[in-house]
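Return a 3D structure for these sequence lines:
(4 chains)
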Amino acid sequence: MYTRRSSSSSDRSSGPESSSPGQYSPSGYHMIKVYILQAKLDATAVAELYTLIKSCKDVPDGLRLQLCGNPSDADVILSNVHMRKRLERHLDWDIAKQKAIVTPDWLHDSVAQQRPLNCADYAALGELREETDKNCPDCDLPKCICSSESSKESLLDNGTMNLITSPHVSYNYAARYSCQRASPLVCPNQRLANELSVLRIHRDLEGKTVNALSYERAIAVSTGLRLAYPRVITQADLDTEVVHLPYLGEKIRSKVLLCFRGCYHYVNDALTKINEFIRFGRIEECNTIRSSARFLSLKAFASIHGVGSTTARHLYSIGLRTVEDMEQYYDVPIADDGVPLLPNNEPKYTPNGKRIPTNDTIPDLDIKAALVLRHEFAISISRSEVEEMHNLIMAELNDLKPGCASTIVGGYRRGKPESNDVDIVITHADLRGGGEKITGLRKRFVERLYNRGLVSHVARGAGFIAQDSFRWHSLENALTVFRLPAQVDARHLHRRLDLIIAAPEAYWSAVVGWTGSKMFERDLRLWAKTEKGLKFDSSAVTRRHDSKRFFPQSENDVFSLLGLQWIDPTLRNADI
DNA sequence: CGGCATACG
DNA sequence: CGTA
DNA sequence: GCCG
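Okay, here's the model as predicted:
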């Protein structure tokens, strides 16, 4: 049974391991969700509060705090705003009355004593002292299932919290489209998938994209096999069922059989007529590919963000062989110690901790920058770090525009323990109708993150601080490079972050469109076209004959509009 | 033998 | 052409 | 490379 765990818009701050306020911790303290209202707090103060919250994780049996990206999800709100009028600019008064609103001192003192202190003593607004007292989460009674469950997201609450993937889907492993099958993250036939992946990458790098697509489909089928065969495939399986699987045609099937059967394979040697012995469980062609210098060079080139197979082949053709050759070719500055130098992007601060606006363009994530950042980009991102980034980003956004809802999508939502990047879909009731409102918010948000020193680069020259767009959009995305503040994470690594701003009517299409995996998305679109006469993209479902657009109101809506069974995000891992 | 996802910059 |  |  596969229970759904994270597709409501209110998963803002809910990783699978996060607790709701009603749950007990081993320490006896409840998890307290803290929101930081940034108005009247400078960047240094905010970073210090983040660090304090994070520091509690290292104290066993201590205070349990969780940074929270949205005030309505919070138990406690930290604020330096003391006037009702000013507060209402950032926070709905009805929500404020359901929270404990305290000064940052509450956090300092509570952390110092490793216990939640009495909120009333720290009330930020005299007018709300009573509510703050009443809503204070320090009560040690089970009835303290206080506040936040009641203030659940209404705008995007889609009523599909407890969907499960139909068992029927799990036995659908021979279906033609990966959006009809269940593809779990880990499959026991991993070796087969890895071998096929070598062939896929090779075909891709050599420009044979349709061949590569065939291998992708074969891999996607292999990933779905696990639920039908909860074990490694046997000879008997091969002889009966596997031969009927889609996308394992004559050529790929012979390689698959080779990989599984493993024992002997006959390659006709024209001269000696001697049968060659093939190593167990491997596809001979993969060995050739893996040891090819050209393959290794092309693969290394294409691993750089912004370099695809065409550019990789070009670089090879003009004599480049290593990424170090690329550094020379692209004039990447190298320090005395041999480490590539980043252009001087470090934000400058006033003594108050406010960033000095450079009024400059945001640096572009071009190939040169990507070369410098490649080592950091290669370091994977843990789930807790993804959540940390999300919380911080939403705290910033809700300070800029209160009331935003968001979902972490991409590999994180598919359950991957480590991510290469972070994708977040964001919406707000005010964005209905899209257009300039979305462009405006995206621009202001990225600009703010840049000025806060949280974003260092933006992909494809969208970095002009002042810039107008004429086009109408219900969805916009910003491909950025993000860094957690050094006070929050000493490594201060550059991470790739994709922000997708969607009109509310486009939200669920965007969530499905950005959850992936890549093959799952291609098959959704192919299924929609060839089987249903529909077009699916990340903003809507469109009927092809009259262009009528449909706006799904839940994730399940997307699937049912397309005539598909809902599949849990963790079973959409149709790629390796 | 034609099609293979769709959109954006 | 490259990225999602 | 595979499918209709």
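
near DNA strand D, anything from the longest helix along chain A?
In chain A, taking DSSP state H as the definition, the longest helix is helix A:209-228. Yes: under the criterion of Cβ under 7 Å from any atom of the strand, DNA strand D is reached by helix A:209-228 at A:210, A:211, A:213, A:214, A:215, A:217, A:218. Backbone N, C-alpha and C define where each C-beta goes, glycine included.

List just the nearest of those to DNA strand C.
residue A:213 (11.9 Å; Cβ to the nearest atom of the strand).

any idea how chain A splits into domains?
Annotated domains of chain A cover A:9-146, A:183-293, A:304-375, A:378-571 [automatic domain parsing].

could you dump those to CSV with mean pLDDT and distance to residue A:175?
Listed next are the domains of chain A as CSV, based on pLDDT from 0 to 100; distance: least, Cβ to Cβ, whole Å:
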stretch, mean pLDDT, distance to residue A:175
domain A:9-146, 70, 28
domain A:183-293, 75, 8
domain A:304-375, 84, 30
domain A:378-571, 94, 10
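
For DNA strand C, find the nearest of the ones you listed.
DNA strand C lies closest to domain A:304-375 among the domains of chain A, at 2.6 Å (Cβ to the nearest atom of the strand).

which residues of the stretch 251-400 of chain A fall in helices?
A:284-290, A:293-302, A:309-317, A:323-329, A:367-377, A:383-400 (DSSP state H, counting those that start in this stretch).

Which other helices and strands does the longest one contact?
Packing contacts for helix A:383-400, counted by 3 or more Cβ pairs under 8 Å, 6 or more residues apart in numbering; DSSP states H and E, involve strand A:32-36, strand A:65-67, strand A:405-408, strand A:418-419, strand A:421-427, helix A:436-451, strand A:494-502.

Generate a markdown table for the helices of the stretch 251-400 of chain A, with distance to DNA strand D as supplementary columns.
A markdown table is the format used below for the helices of the stretch 251-400 of chain A (distance: least, Cβ to the nearest atom of the strand, whole Å):
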| stretch | distance to DNA strand D |
| --- | --- |
| helix A:284-290 | 8 |
| helix A:293-302 | 14 |
| helix A:309-317 | 16 |
| helix A:323-329 | 27 |
| helix A:367-377 | 30 |
| helix A:383-400 | 35 |
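
Comparing these, which stretch has the densest surroundings?
Highest mean neighbour count of the helices of the stretch 251-400 of chain A: helix A:383-400, a mean of 21 (counted as mean count of other Cβ atoms under 10 Å).

tell me the most buried of the helices and strands packed on helix A:383-400?
It is strand A:405-408: most buried of the helices and strands packed on helix A:383-400 by mean count of other Cβ under 10 Å, with a mean of 28.

returning to what we had before: using TSV, lay out the helices and strands packed on helix A:383-400 together with distance to DNA strand B.
Formatted as TSV, the helices and strands packed on helix A:383-400 follow (distance: least, Cβ to the nearest atom of the strand, whole Å):
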stretch	distance to DNA strand B
strand A:32-36	32
strand A:65-67	32
strand A:405-408	19
strand A:418-419	19
strand A:421-427	14
helix A:436-451	9
strand A:494-502	11
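
Dump the helices of the stretch 251-400 of chain A to a markdown table, plus distance to residue A:407.
Output for these, formatted as a markdown table (distance: least, Cβ to Cβ, whole Å):
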| stretch | distance to residue A:407 |
| --- | --- |
| helix A:284-290 | 38 |
| helix A:293-302 | 30 |
| helix A:309-317 | 32 |
| helix A:323-329 | 35 |
| helix A:367-377 | 24 |
| helix A:383-400 | 9 |
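
and of those, who's closest to residue A:180?
Nearest to residue A:180, of all the helices of the stretch 251-400 of chain A, is helix A:383-400, at 28.1 Å by Cβ to Cβ.

now the angle from the closest one to helix A:436-451?
120 degrees (axes from the mean of the first three to the mean of the last three Cα atoms, to 10 degrees).

Just give the nearest non-adjacent residue to residue A:415, would you?
Excluding its sequence neighbours, the residue lying closest to residue A:415 (Cβ to Cβ, 6 or more residues apart in numbering) is residue A:570, at 3.8 Å.
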